[in-house]
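[1] A structural model of the following input is requested.
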Amino acid sequence: MAITYAWSFSALDVTIENAEGLADVVYTIHWRYSATDGEDHGASSIGTSSVTYDPEGPDPFIPYEDLTEADIQGWVEEDLGEERIEAMQGSFDTQIAEQINPTTESFSTMPWNESNGA
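    Reported below is the predicted structural model:
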(Lines give C-alpha, C1' and ligand atoms only; values in the text may rest on other atoms or scores of the structure.)
Protein backbone atom coordinates (compact mmCIF):
# COMPACT_ATOMS: atom_id res chain seq x y z
CA MET A 1 0.00 0.00 0.00
CA ALA A 2 1.58 3.23 -1.17
CA ILE A 3 0.51 6.20 0.93
CA THR A 4 0.72 9.69 -0.52
CA TYR A 5 0.83 12.86 1.55
CA ALA A 6 -0.40 16.31 0.49
CA TRP A 7 -0.66 19.83 1.86
CA SER A 8 -3.59 22.16 1.34
CA PHE A 9 -4.09 25.69 2.63
CA SER A 10 -7.45 27.23 3.50
CA ALA A 11 -6.55 30.74 4.66
CA LEU A 12 -3.73 33.20 5.17
CA ASP A 13 -4.00 35.82 7.91
CA VAL A 14 -2.25 39.04 6.93
CA THR A 15 -1.29 42.34 8.49
CA ILE A 16 -2.86 45.05 6.35
CA GLU A 17 0.23 47.24 6.70
CA ASN A 18 3.24 46.62 8.91
CA ALA A 19 5.74 49.03 10.47
CA GLU A 20 7.91 48.94 7.34
CA GLY A 21 4.95 50.02 5.19
CA LEU A 22 4.59 46.58 3.59
CA ALA A 23 1.03 45.48 2.80
CA ASP A 24 -0.64 42.09 3.28
CA VAL A 25 2.18 40.51 5.27
CA VAL A 26 1.32 36.89 6.11
CA TYR A 27 1.52 36.03 9.81
CA THR A 28 -0.64 32.88 10.11
CA ILE A 29 -1.14 30.00 7.67
CA HIS A 30 -4.12 27.66 8.06
CA TRP A 31 -3.17 24.22 6.73
CA ARG A 32 -4.34 20.64 6.32
CA TYR A 33 -1.91 17.74 5.88
CA SER A 34 -3.54 14.63 4.40
CA ALA A 35 -2.63 11.06 3.58
CA THR A 36 -4.38 8.55 1.34
CA ASP A 37 -3.69 5.07 0.08
CA GLY A 38 -5.70 5.72 -3.10
CA GLU A 39 -8.34 3.18 -2.05
CA ASP A 40 -10.75 5.22 0.10
CA HIS A 41 -8.58 5.10 3.23
CA GLY A 42 -7.17 8.33 4.55
CA ALA A 43 -6.25 10.51 7.47
CA SER A 44 -5.52 14.18 7.97
CA SER A 45 -4.52 16.82 10.46
CA ILE A 46 -5.30 20.53 10.48
CA GLY A 47 -3.42 23.35 12.12
CA THR A 48 -1.93 26.78 11.87
CA SER A 49 1.62 27.96 11.51
CA SER A 50 2.83 31.37 12.60
CA VAL A 51 5.34 33.11 10.40
CA THR A 52 7.20 36.37 10.92
CA TYR A 53 8.76 38.51 8.22
CA ASP A 54 12.15 39.74 9.36
CA PRO A 55 13.27 42.79 7.37
CA GLU A 56 16.81 42.19 8.70
CA GLY A 57 16.75 38.52 7.64
CA PRO A 58 18.26 36.94 4.52
CA ASP A 59 14.94 36.26 2.77
CA PRO A 60 13.43 39.03 0.65
CA PHE A 61 9.82 40.09 1.16
CA ILE A 62 7.41 38.39 -1.25
CA PRO A 63 4.36 40.50 -2.11
CA TYR A 64 1.08 38.70 -1.39
CA GLU A 65 0.09 38.55 -5.06
CA ASP A 66 3.41 36.86 -5.89
CA LEU A 67 3.19 34.13 -3.24
CA THR A 68 3.04 30.56 -4.51
CA GLU A 69 1.77 27.41 -2.88
CA ALA A 70 5.39 26.23 -2.74
CA ASP A 71 6.35 29.36 -0.75
CA ILE A 72 3.58 28.72 1.77
CA GLN A 73 4.35 25.01 2.03
CA GLY A 74 8.02 25.79 2.63
CA TRP A 75 7.14 28.17 5.46
CA VAL A 76 4.84 25.60 7.09
CA GLU A 77 7.40 22.80 6.78
CA GLU A 78 10.07 25.06 8.28
CA ASP A 79 7.73 26.01 11.14
CA LEU A 80 6.73 22.41 11.92
CA GLY A 81 10.12 20.82 11.40
CA GLU A 82 11.02 17.47 9.90
CA GLU A 83 10.47 15.54 13.14
CA ARG A 84 6.86 16.71 13.57
CA ILE A 85 6.04 16.07 9.90
CA GLU A 86 7.47 12.54 10.16
CA ALA A 87 5.42 11.99 13.34
CA MET A 88 2.23 13.06 11.51
CA GLN A 89 3.06 10.70 8.65
CA GLY A 90 3.59 7.83 11.10
CA SER A 91 0.25 8.59 12.74
CA PHE A 92 -1.48 8.71 9.35
CA ASP A 93 0.07 5.38 8.36
CA THR A 94 -1.22 3.81 11.59
CA GLN A 95 -4.71 5.25 11.10
CA ILE A 96 -4.89 3.99 7.52
CA ALA A 97 -3.65 0.53 8.54
CA GLU A 98 -6.38 0.45 11.22
CA GLN A 99 -9.00 1.35 8.59
CA ILE A 100 -7.81 -1.48 6.36
CA ASN A 101 -7.57 -4.08 9.16
CA PRO A 102 -9.65 -2.86 12.12
CA THR A 103 -8.68 -4.06 15.58
CA THR A 104 -11.57 -2.37 17.39
CA GLU A 105 -15.23 -1.62 16.81
CA SER A 106 -17.98 0.44 18.43
CA PHE A 107 -21.37 -0.87 19.48
CA SER A 108 -24.23 1.61 19.42
CA THR A 109 -26.71 -0.75 21.09
CA MET A 110 -26.20 -1.02 24.83
CA PRO A 111 -26.57 -4.49 26.34
CA TRP A 112 -29.14 -3.25 28.86
CA ASN A 113 -31.32 -1.82 26.06
CA GLU A 114 -31.42 -4.92 23.89
CA SER A 115 -34.69 -6.76 23.69
CA ASN A 116 -34.22 -10.30 25.02
CA GLY A 117 -37.61 -11.52 23.83
CA ALA A 118 -39.22 -11.29 27.26
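
[2] so Pro102: helix, strand or coil?
    Classification of Pro102 using DSSP: H, G, I helix; E, B strand; the rest coil returns coil.

[3] and it, how far is that from Ser108?
    Pro102 sits 16 Å away from Ser108, taking CB to CB, to the nearest Å as the criterion. The way it works is simple: take the backbone N, C-alpha and C, and place the C-beta from them, glycine included.

[4] in a helix, Thr15, correct?
    No. Remark: Thr15 does not belong to a helix; assigned using three-state DSSP, it is strand.

[5] what segments of this structure are helices?
    Assigned by DSSP state H, the chain shows helices spanning 69-80, 82-100.

[6] output those helices as TSV; include the columns distance to Ser8.
    TSV is the format used below for the helices of the chain (distance: least, CB to CB, whole Å):
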stretch	distance to Ser8
helix 69-80	9
helix 82-100	14
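
[7] would JSON lines of these with distance to Glu56 and mean neighbour count be doable?
    Below are the helices of the chain laid out as JSON lines (distance: least, CB to CB, whole Å; neighbours: other CB atoms under 10 Å):
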{"stretch": "helix 69-80", "distance to Glu56": "18", "mean neighbour count": "15"}
{"stretch": "helix 82-100", "distance to Glu56": "26", "mean neighbour count": "14"}
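
[8] picking up where we left off before, Pro102 and Ser108 - which one has more neighbours?
    Remark: of Pro102 and Ser108, Pro102 carries more neighbours, 8 against 5, as counted by other CB atoms under 10 Å.

[9] give me the phi and psi for that one.
    Dihedral pair for Pro102: phi -60, psi 140, per degrees, to the nearest 10.

[10] closest to Ile16 out of the helices of the chain?
    helix 69-80 (18.9 Å; CB to CB).

[11] cheers, nothing more for now.
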